[in-house]
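*Asks:* Task: produce atomic coordinates for the following.
(one chain, ligands or ions: 1)
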Amino acid sequence: MKKRVAAFCSHGGSNFASIADAAARGEIPVEVVVMVHNNARAGAKEKAKARGIPTEWVPRKRFATDEEYAAHLFAILERYTVDIVALAGFMQRIPEEVVRRYAGRMTNIHPALLPFFGGKGFYGMRVHTAVFEAGMKVSGPTVHLVDEQYDHGPILLQRAVAIDDCRNPEEIAARVLKEEHRIYPEAVGLLAQGRFQLEGRRAALIPS
Ligand code: GAR
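*Replies:* Purely as a prediction, here's the structure:
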């Protein structure tokens, strides 16, 4: 049985598209059933439309409290009977209530090797600029489970890419993004198959 995935996006949605396309090609046992976004101009909208995936626009400022925001998200997740939530460049904090209900079933991708260059304030190009300024020779994406702290949950997959010849943060971003598009579908596919065993903060991959 295919697991039903909701992707949450704020901008371009290239990671969402990589998961949807891997699913459509039958490479991973999931179906992306809805794309939730908080930005009316998100490029992810066009990608969803092109793939026939329904979208839901949920701007945080429409809700007075976290409780109301969470209730709206729950209603969407129930309407589409979502098994897995994949945050894919979603730049809005998810209410703790939602994180708790989806514990072990909510993933995020971060464009650096966590726990380095992560946490509050580290997102998008800010991450790559920090990596560049630190003179790092490697960087790479991390897919992790979401818990109540930013960029903190168990790491599912992580891959290092050489960046020693990158001349600016933009070149690092492009190189890391290419790898994001490989590991995010892979991680969601493995999670859908129940291939991770949690031991504290470690997610061990169970051999197939
Ligand atoms: C990706 O590089 C993702 O890792 C990053 O935002 C970009 C979204 O691109 N996420 C974070 O920085 C989260 N802390 P996309 O919209 O094309 O998938």
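
*Asks:* Tally up the residues packed near the residue of the chain at minimum distance from the ligand, please.
*Replies:* Relative to the ligand, the nearest point of the chain is Gly89 (2.6 Å; Cβ to the nearest ligand atom). The way it works is simple: take the backbone N, C-alpha and C, and place the C-beta from them, glycine included. Gly89 has 24 neighbours, counted by other Cβ atoms under 10 Å.

*Asks:* Can you report how many residues lie near Ala203?
*Replies:* By other Cβ under 10 Å, 23 other residues sit near Ala203.

*Asks:* Can you classify it as helix, strand or coil?
*Replies:* strand (DSSP: H, G, I helix; E, B strand; the rest coil).

*Asks:* what residues are up against the residue of the chain closest to the ligand?
*Replies:* For Gly89, the residues meeting the contact criterion (Cβ atoms under 8 Å, 6 or more residues apart in numbering) are 9-16, 44, 109, 124.

*Asks:* where does this protein come near the ligand, residue by residue?
*Replies:* With Cβ under 6 Å from any ligand atom as the criterion, the chain meets the ligand at residues 9, 11-15, 88-89, 109-111, 123-124, 127, 177, 180.

*Asks:* among those, which are in helices?
*Replies:* 14-15, 127, 177, 180 (DSSP state H).

*Asks:* Pick out the most distant pair among these.
*Replies:* Pairwise distances across these (Cβ to Cβ) peak at 15.7 Å, for the pair Ser14 and Val127.

*Asks:* Name the residue in the two with the higher neighbour count.
*Replies:* Shown here are Ser14 and Val127; by other Cβ under 10 Å, Val127 has more neighbours (23 against 18).

*Asks:* Please, where are all the helices along the protein?
*Replies:* Using DSSP H, helices in the chain cover 14-24, 44-50, 66-79, 96-101, 125-133, 169-192.

*Asks:* For Lys137, the count of nearby residues, please.
*Replies:* Lys137, neighbours per other Cβ under 10 Å, totals 11.

*Asks:* my bad, should have said Gly194
*Replies:* 9.

*Asks:* rewinding a little: next, give phi and psi for the residue of the chain closest to the ligand.
*Replies:* Backbone torsions for Gly89, taken as degrees, to the nearest 10, come to phi 70, psi 40.

*Asks:* where does it land on pLDDT?
*Replies:* Gly89 is assigned 97 on the pLDDT scale.

*Asks:* Please report how far it lies from Ile163.
*Replies:* 20 Å (Cβ to Cβ, to the nearest Å).

*Asks:* same deal with Arg182?
*Replies:* Distance, Arg182 to Ile163, using Cβ to Cβ: 16 Å.
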